[in-house]
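>>> Build the 3D model from these lines:
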Amino acid sequence: MPPGANNLGDNRFALLSTAQKTKRKKPEQTTLDQFPELPITKKDDPKYLVIKSRDASKPITSISCFAIYKGIQSISKDINNISSLRDGSLLLLVKNQKIADKFLSTTNLPGAGAVEVALHSTLNSVKGTIYAPFICQLSDDEIIEGLKEQANPKGRIIEDFILGSNCIVLNDGSPTHFSTHSSFTHIDLSLCSSSLLTKTEWLRIDDLHGSDHFPILSKISSPHHASRFKTRVHFKTDLADWDKFEHFCESLSCLFPISSNVHQESSRIQKIIRSAANYSIPQSSSKSLKPAPRWWNSELCALRQQKQFAWHQFKRTRSNANLMQYKKSNAIFRRKAKAAKVLCFQKFTSEINSSSNQKKIWADIRRLSGLTSFSPISLLTSPRGNLLYPQDIALEFALHFSNVSSDSSFSPEFSSSKLSILSSLYLPPSNLSSSAS
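A predicted model of the protein is given here:
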């Protein structure tokens, strides 16, 4: 049979290359006992260049490859490889920086017209994984020093910044990014100063929340006790079991001894009431709940649960079917959430006119953002004038409550009755114990 055409692949310039491709030989196996000799460092520094036509309507790949090849050869013949890119430009691999400078200064390529030449944005940095069992006994400092000349320039910038600013990386090795190739990467870094390291806690949240980056939660321990910031609970009296409350009041009153001291007796009654209430009246939760934004609804809640279920299914079984199901659920949830936000905002803006109350408008904006409404007293008119500072306003309220509760605010009959009761001898209850009497 006659020989078929050469398989050129995506490189249509392969036939123009004069160099004969040789089969790659298998490297000789080296044992761990024998330390291999270090390779001789080559002086050549290959560079990747991108040649693009200045005329966007006429890409350079639409011109004859023979004319382009002759134009490139007129500038330099030390070209290792030529290939075409998807955007219609050419990718050149030249021998060293000196030859790259010749192409970078070129503005007109013979046979192709006006062109623009630039270094490739990513291919000129070293990337890859080093597998070398013979360096496993070396320290990290020796390995870093030995590979310093081959380091990634972008990684060098990050390393210099971390070392120069005396910062510490908080990441614990957990992946922080879910890439489009269904793999997990570690591209997000969290830094802190050395003084905060013992007080800082780093945690990666397992839910993506519709993004491709995992949320990161950083906590800084505070000297204040957490109980000081708990929400105050209250009794739900509308759900109380009053028969049960009465039963516990009677049973608990027999357990605590009666005292002739007014303060002890008052504390005893308060303890009985509180204990009976804890048994018979439900209490509110001490956990503070952030109110949901106005655009949130039951449909979004159900879609969010479906998205989270699909995500956990993919984490348990990483298959293409589970991945597509998660992406589909996530896309539906994001589309519905965006539509709900737009509808809520349109309804909000339609109610605003020239006579709208500004205070109400800003309160609605806070509710749209999912923030709690907070309206502190910023101005108080008093006999002393207008008060603007919070301390003066609090003092004015304290004086007002003090004057209202003073004896001068009550009738003379009430004041005289109060004085007679306070001046009379206190009579304890009739069922005093023998020790108290």
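
>>> Out of the helices and strands in this protein, which is least certain?
helix 140-146 (a mean of 69; mean pLDDT, DSSP states H and E).

>>> now the helices for the chain?
65-75, 97-104, 140-146, 153-164, 242-253, 262-280, 298-316, 320-350, 358-368, 390-404, 412-423 (DSSP state H).

>>> Show me where the stretch 301-437 of the chain dips below the pLDDT cut-off.
369-376, 425-437 (pLDDT under 70).

>>> what residues are up against K328?
A310 (Cβ atoms under 8 Å, 6 or more residues apart in numbering). Every residue, glycine included, has its C-beta placed from N, CA and C.

>>> Same question for N297.
Per Cβ under 8 Å, 6+ apart, neighbours of N297: A340.

>>> change it to 10 Å
N297 sits next to L303, K336, A337, A340, C344 when contact means Cβ atoms under 10 Å, 6 or more residues apart in numbering.

>>> could you dump the helices of the chain to CSV with distance to G111?
Shown next, in CSV, are these (distance: least, Cβ to Cβ, whole Å):
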stretch, distance to G111
helix 65-75, 3
helix 97-104, 15
helix 140-146, 46
helix 153-164, 35
helix 242-253, 98
helix 262-280, 92
helix 298-316, 52
helix 320-350, 46
helix 358-368, 61
helix 390-404, 79
helix 412-423, 111
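
>>> Any idea how far apart the tips of stretch 91-111 sit?
17 Å (Cα to Cα, to the nearest Å).

>>> Ok, stretch 277-296 next?
OK, stretch 277-296 end separation, Cα to Cα: 36 Å.

>>> could you give me the average pLDDT of it?
Averaged over stretch 277-296, pLDDT sits at 78.

>>> Show me how far it is from its chain's centre.
Chain-centre distance of stretch 277-296: 26 Å, with Cα atoms, centre = their mean, to the nearest Å.

>>> quick one: buried residues of it?
A277, S280, I281, R294, W295, W296 (16 or more other Cβ atoms under 10 Å).

>>> domains in the chain, as residue ranges please.
43-124, 133-220, 228-280, 298-368 (automatic domain parsing).

>>> Surely I75 is in contact with G111?
No: counting by Cβ atoms under 10 Å, I75 sits too far from G111 to count as a contact (11.5 Å).

>>> higher neighbour count, those two?
I75 (17 against 14; other Cβ atoms under 10 Å).

>>> what's the spacing between the more buried one and N322?
52 Å (Cβ to Cβ, to the nearest Å).

>>> Likewise for S218?
Counting by Cβ to Cβ, the gap from S218 to N322 is 31 Å.

>>> the more surrounded of these two?
N322 (17 against 12).

>>> before we move on, the earlier item: I'd like the domains of the chain laid out as JSON lines, including distance to F397.
Converted to JSON lines, the domains of the chain look like this (distance: least, Cβ to Cβ, whole Å):
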{"stretch": "domain 43-124", "distance to F397": "65"}
{"stretch": "domain 133-220", "distance to F397": "35"}
{"stretch": "domain 228-280", "distance to F397": "20"}
{"stretch": "domain 298-368", "distance to F397": "22"}
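
>>> Can you tell me which of the ones you listed is most buried?
Mean neighbours per residue, mean count of other Cβ atoms under 10 Å, is largest over the domains of the chain for domain 43-124, with a mean of 15.

>>> now that domain, how far from the centre of its chain.
Distance, centroid of domain 43-124 to centroid of chain: 42 Å (Cα atoms, centre = their mean).

>>> residues contacting I51?
By Cβ under 10 Å, 6+ apart, I51 lies in contact with 60, 68, 71-72, 82, 85, 89-92, 103, 106, 109, 112, 115-118.

>>> Quick check: the nearest residue to it once chain neighbours are set aside vs K307, distance?
Of all residues not flanking I51 in the chain, L90 sits nearest, at 4.3 Å (Cβ to Cβ, 6 or more residues apart in numbering). Distance, L90 to K307, using Cβ to Cβ: 44 Å.

>>> same question, N386
53 Å.

>>> Ok, A363 next?
Taken as Cβ to Cβ, the span from A363 to K307 is 32 Å.

>>> And for V169?
For V169, the distance to K307 - Cβ to Cβ - is 31 Å.

>>> Could you find the closest non-adjacent residue to F333?
Closest to F333 by Cβ to Cβ, 6+ apart is L303, at 4.3 Å.

>>> list the contacts for that neighbour?
N297, S329, N330, I332, F333, R334, R335, K336, A337.

>>> ok, those residues vs K236, which is closest?
N297 (26.9 Å; Cβ to Cβ).

>>> returning to that earlier point: nearest to S416, out of the domains of the chain?
Of the domains of the chain, nearest to S416 by Cβ to Cβ is domain 228-280, at 21.2 Å.

>>> so what's T381 up against?
Contacts of T381 (Cβ under 10 Å, 6+ apart): L387, E396.

>>> Next one, pLDDT for the residue nearest the centre of the chain please.
Centroid-nearest residue in the chain, with Cα atoms, centre = their mean: P215, separated by 3.5 Å. We have a pLDDT of 87 for P215.

>>> mind listing what I281 touches?
Here I281 is in contact with H234, F235, K236, T237, D238, L239, A240, D241, W242, K244, F245 (Cβ under 10 Å, 6+ apart).

>>> ok, now with 7 Å
Residues counted as contacts of I281 (Cβ atoms under 7 Å, 6 or more residues apart in numbering) are F235, K236, T237, A240, F245.
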